[in-house]
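Colleague: mind looking at a prediction? Sequence and model below.
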Amino acid sequence: MKKIICLLITVLLSSLTFAQKDRFYFEASERLINVDDTIELNAFADNIEDGTLKWKFGGEEGKDWKYIKGYTATDNPIKVTFKKLGPTNVAISAKRIKKTTKKVNGKEVIEEIKESLKFDKKGFLLVTEKGEYSELNQLFAEGTLDSYVKLVKKASKLTENEKYSKDPFVFIWLSRGLYAVSMNLEPSEAVGKYEPYKNAFNDAISALSKAMKLDNNGFLEVSKFSDFINEMQNKYFVEVLGEQTDVDPEKIDYSKISGALGKYAKITKNPICIKYYQIACMFRLNDANAKTVLKEADLQLAQLGDSAVFSETDKLFFANGIVELGKFYAFKKQSNNICGLLKKAIFAVPSLMEEQDRYESFREMNDSTECPE
């Protein structure tokens, strides 16, 4: 406990030190915008040289974006209109004079050093189609198998168009359409015009993976598609892994589970959530790399901090992965390893101990394991 308190004090002091430093960053009035929208960006830069602040945007000026009349790259705040679909990088640069004191011939002399500054954010803005692809939305709203197929065809064509190929919302629409097809298409119907959609669920996973790769800053999670992403993740956990984890332990196909986990890693922002499940599979399959991967996972887990936002399904995978690895340690009579594993898991994701029903197996293992204080 003393170590944890010391760590918290150190983090707090570090935060206070950081807060006292000169600011150099920017904010935007909106970050998810439509084509031809105008937004205002404001730089917060302390003690910089006059006239040295400069903005830079990804793409080509005039073609992909342009300054509103009366504004230039050195203005602050600044107003810009964006024309190109997809993520847009934003950066500012400036120069600052740093004053340092040093001794020359026994006397203190103030020396001025010119410092170059830069602050950039990849994919800071996301430009999407006006109306969030209203035609695709209408097809989805019709709610028939044929309307879902039409949605998939139209969305698929858009993903192949260079103009739309960087917009994650196109791919999330494609995924949503494919998923709807998979839910409404009976296996016996996957013939004729519906034959291309016999693997619609797997194709939906691939499209969602692409959407999440393009979405560097979590725009999808705060959009109307957040519920869809959660549903896809949860269905993957229940239907793809459920059939394996519910059978007799001696009959579990760990190779199949490992393969499924690898696919889930593509539709989560936190691949660490499936790492311990994968490691448990590796140990069960006598994989010589298991210990090395475990060390890497422990390091990643320790570095997570508060920035990691686990979805509900992420936490389910994580909790079950810890339990599976714990079962392996119990089989090997390695109780100390179980204790260490549980402590790391609880420290990283405290909510595993708060939500009783959802993580029941994790709590049971924690309660039944005798660990030294």
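Modeller: Yep, that arrived.

Colleague: skipping adjacent residues, who's closest to Ile219 in space?
Modeller: Actually, residue 219 is Phe. It isn't Ile. Beyond its immediate neighbours in the sequence, the residue positioned closest to Phe219 (CB to CB, 6 or more residues apart in numbering) is Leu126, lying 4.9 Å away. For the C-beta atoms, the positions are set from N, CA and C on the backbone; glycine is no exception.

Colleague: now do the buried residues in the helix or strand encompassing Thr159.
Modeller: Applying DSSP states H and E as the criterion places Thr159 in helix 145-160. Neighbour counts over helix 145-160 (16 or more other CB atoms under 10 Å) mark 145, 147-152, 154-156, 158-159 as buried.

Colleague: coming back round to it: helices and strands around the helix or strand harbouring the residue nearest to Phe219, which ones?
Modeller: Here Leu126 is covered by strand 107-128, with elements defined by DSSP H and E. Based on contacts counted as 3 or more CB pairs under 8 Å, 6 or more residues apart in numbering; DSSP states H and E, the elements that strand 107-128 packs against are strand 24-28, strand 32-34, strand 86-104.

Colleague: select, out of those strands, the one closest to Gln233.
Modeller: When the helices and strands packed on strand 107-128 are compared by CB to CB, strand 32-34 sits nearest Gln233, at 21.6 Å.

Colleague: in its sheet, what does the closest one sit against?
Modeller: strand 107-128 (parallel) (DSSP bridges).

Colleague: helices or strands next to the helix or strand just after the partner strand in the packing?
Modeller: Tracing the chain C-terminally past strand 107-128 and defining elements by DSSP H and E, one meets helix 134-142 next. Packed against helix 134-142, as judged by 3+ CB pairs under 8 Å, 6+ apart, are the following elements: helix 145-160, helix 168-184.

Colleague: so for this protein, the centremost residue is which one?
Modeller: In the chain, the C-alpha closest to the average C-alpha coordinate belongs to Lys269, at a distance of 2.8 Å (CA atoms, centre = their mean).

Colleague: for that residue, give me the pLDDT.
Modeller: The predicted local confidence for Lys269 comes out at a pLDDT of 85.

Colleague: do Leu8 as well
Modeller: We have a pLDDT of 38 for Leu8.

Colleague: the helix holding Thr159 vs helix 168-184, what angle?
Modeller: Interaxial angle, helix 145-160 versus helix 168-184 (axes from the mean of the first three to the mean of the last three CA atoms, to 10 degrees): 150 degrees.

Colleague: and helix 145-160, average pLDDT?
Modeller: Rounded to a whole number, the mean pLDDT of helix 145-160 is 95.

Colleague: how about residues contacting it?
Modeller: The contact list for helix 145-160 (CB atoms under 8 Å, 6 or more residues apart in numbering) reads 133, 135-136, 139-140, 164-165, 170-171, 173-174, 176-178, 180-181, 184-185, 193-194, 197, 200, 207, 210.

Colleague: export the helices and strands packed on helix 134-142 to TSV and tack on distance to Lys295?
Modeller: Rendered in TSV, the data for those read as follows (distance: least, CB to CB, whole Å):
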stretch	distance to Lys295
helix 145-160	39
helix 168-184	33
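
Colleague: which one, of these, ends up nearest to Lys84?
Modeller: The stretch from the helices and strands packed on helix 134-142 with the least distance to Lys84 (CB to CB) is helix 168-184; that distance is 13.7 Å.

Colleague: for the longest helix seen in the chain, buried residues please.
Modeller: For the chain, the helix reaching the highest residue count under DSSP state H is reported as helix 312-331. Applying a neighbour-count criterion of 16+ other CB under 10 Å, the buried positions in helix 312-331 are 313-329.

Colleague: and the strand holding Leu126, which residues are buried?
Modeller: Buried residues in strand 107-128, counting neighbours by 16+ other CB under 10 Å, are found at 119, 121, 123-128.
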